[in-house]
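In: based on what follows, work out the 3D shape:
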Amino acid sequence: MPQSLPNIVFIGLGVMGYPMAGHLARAGYPVTVSNRSFGKAQRWHAEFGGTAIATPALAASGADIVLVCVGRDEDVREVLFGADGAAQALSPGAVVIDHSTTSAELAREMASRLRERGVDFLDAPVSGGQSGAERGQLSIMVGGSAQALARIEPVLNCYGRCVKHLGESGSGQLAKMVNQICIAGVVQGLAEGLHFARNANLDVDALIEVISQGAAQSWQMQNRYQTMMRGEYEHGFAVDWMRKDLAYTLEEARRNGSRLALTSLVDQFYGDVQALGGGRWDTSSLLARLELLSARRHTGKEASDE
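Out: Below is the predicted model of the structure:
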């Protein structure tokens, strides 16, 4: 007799969670959704079916798997252990998977508190951005019980092209920090390269065509250089969220003794972008900062020559 599908709850229907939950519904899983703004949960229900319920606690009643995709440490605590939190409704044997990007300390805390209730917790942040979520092509970094992951991995495969167990609780979040460290350096390098190319009057399309075939190639180069050159930043992963992630990263670095000079510098550059009003711009907006600084220097030089 075929095994029945697990009852799944998805909490948090932002730009990532909305399509991720949609992939689960398309795969045939019974999905209940909950969101702080209930109107978004109702829109998801109208598009994908399933069930929309106002609070995490009501949604999680009878759930086998609870997936969370919210913003910060405090948001995860609220949806799991707040007044209407999901934890109070979970039965022993359930699994909670947190796709939010948080601190590693938060992951360890949630794992410990849920373990007391007989519930497994996996910290499983994702990489691939909104487009990866929409296409079901995310990379998922998992910390926690390997046995729990084996039980629920088919669910994650609905929107993950690579699901990797990386160790004990908190390891998924630590891996996501490495991801953000690498991205910060790559985006700053790309911004400086494009800034230099423009000032050197190079044909940027021809330039990218050749250097993207060599060691300089990156996802950011392939997917962002054209919008960067057009000054289009109203898309993608926001600077405000990147600074949130980097704050967790730099805090962890202070704890474990890592020296992250470049990451600290790029974090400051993103602070400059926020000061320009670009908190919701895509992280590739580091180029806008460079071009503004260049324009100011040019204007200052012209003024001094008069």
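
In: quick one: buried residues of stretch 142-158?
Out: 142-145, 148-149, 152, 155-156, 158 (16 or more other CB atoms under 10 Å). Bear in mind the C-beta positions are built from the backbone N, C-alpha and C, glycine included.

In: stretch 25-40 too?
Out: Using 16+ other CB under 10 Å as the test for burial, stretch 25-40 gives 25, 27, 29-36, 40.

In: farthest-separated two in those?
Out: Ala27 and Arg36 (25.2 Å; CB to CB).

In: just the helices in the protein please.
Out: Secondary structure of the chain (DSSP state H): helices located at 17-26, 38-48, 56-60, 73-81, 104-115, 129-135, 146-156, 171-199, 204-211, 219-229, 239-256, 261-275, 286-305.

In: follow-up on the earlier one: can the buried residues of stretch 25-40 go into a markdown table with extra columns for pLDDT?
Out: Output for these, formatted as a markdown table (pLDDT from 0 to 100):
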| residue | pLDDT |
| --- | --- |
| Ala25 | 98 |
| Ala27 | 97 |
| Tyr29 | 97 |
| Pro30 | 96 |
| Val31 | 98 |
| Thr32 | 98 |
| Val33 | 98 |
| Ser34 | 98 |
| Asn35 | 98 |
| Arg36 | 95 |
| Lys40 | 97 |
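
In: dump the residues you listed into TSV; add distance to Gln88 as well.
Out: Shown next, in TSV, are the buried residues of stretch 25-40 (distance: CB to CB, whole Å):
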residue	distance to Gln88
Ala25	26
Ala27	28
Tyr29	23
Pro30	21
Val31	21
Thr32	16
Val33	19
Ser34	14
Asn35	19
Arg36	18
Lys40	23
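
In: in strands, which of those residues appear?
Out: Counted as lying in strands by DSSP state E, out of those, are 31-34.

In: rewinding a little: of all the helices of the chain, which lies closest to Val163?
Out: Of the helices of the chain, nearest to Val163 by CB to CB is helix 146-156, at 4.9 Å.

In: show residues contacting the closest one.
Out: Identification of contacts with helix 146-156 by CB atoms under 8 Å, 6 or more residues apart in numbering yields 6, 8, 24, 29, 65, 67, 95, 97, 120, 122, 124, 140, 142, 163, 165.

In: ok, the nearest residue to Gly62 once chain neighbours are set aside - contacts?
Out: Leaving aside its sequence neighbours, Gly62 sits nearest to Asn7 (CB to CB, 6 or more residues apart in numbering; 5.9 Å). Asn7 sits next to 30, 32, 62-65 when contact means CB under 8 Å, 6+ apart.

In: quick one, phi/psi of Asn7?
Out: phi -80, psi 120 (degrees, to the nearest 10).

In: can you give me the pLDDT of it?
Out: Predicted confidence (pLDDT) for Asn7: 97.

In: swap in Leu293?
Out: Looking at Leu293, its pLDDT is 93.

In: kindly report the same for Leu202.
Out: Leu202 is assigned 98 on the pLDDT scale.

In: what about it, distance to Val210?
Out: 11 Å (CB to CB, to the nearest Å).

In: which one of these two is surrounded by more residues?
Out: Between Leu202 and Val210, Leu202 has the larger neighbour count (other CB atoms under 10 Å), namely 13 against 9.

In: got the phi and psi for the more buried one?
Out: The phi/psi pair for Leu202 (degrees, to the nearest 10) is phi -80, psi 150.

In: what bits of the protein have low per-residue confidence?
Out: By pLDDT under 70, the weakly predicted segments of the chain are 1-3, 300-306.

In: again, only this time at 80
Out: Counting by pLDDT under 80, the chain shows low-confidence ranges at 1-3, 298-306.

In: got the domain boundaries for the chain?
Out: The record's domain parsing of the chain by automatic domain parsing lists 8-167, 174-305.

In: pick the most buried one from the ones you listed.
Out: Here the criterion is mean neighbour count by mean count of other CB atoms under 10 Å, and of the domains of the chain the winner is domain 8-167, at a mean of 20.

In: gap between the two ends of that domain?
Out: For domain 8-167, the first-to-last residue distance is 24 Å (CA to CA, to the nearest Å).

In: ditto for stretch 210-220
Out: Using CA to CA, first and last residues of stretch 210-220 are 15 Å apart.

In: cool, and stretch 222-236?
Out: In stretch 222-236, first residue to last residue: 14 Å (CA to CA).

In: grab the nearest non-local neighbour of Pro92.
Out: Nearest to Pro92 is Gly118, by CB to CB, 6+ apart, at 3.0 Å.

In: how far away is that neighbour from Tyr248?
Out: In terms of CB to CB, Gly118 sits 29 Å off from Tyr248.

In: this completes my enquiry, with thanks.
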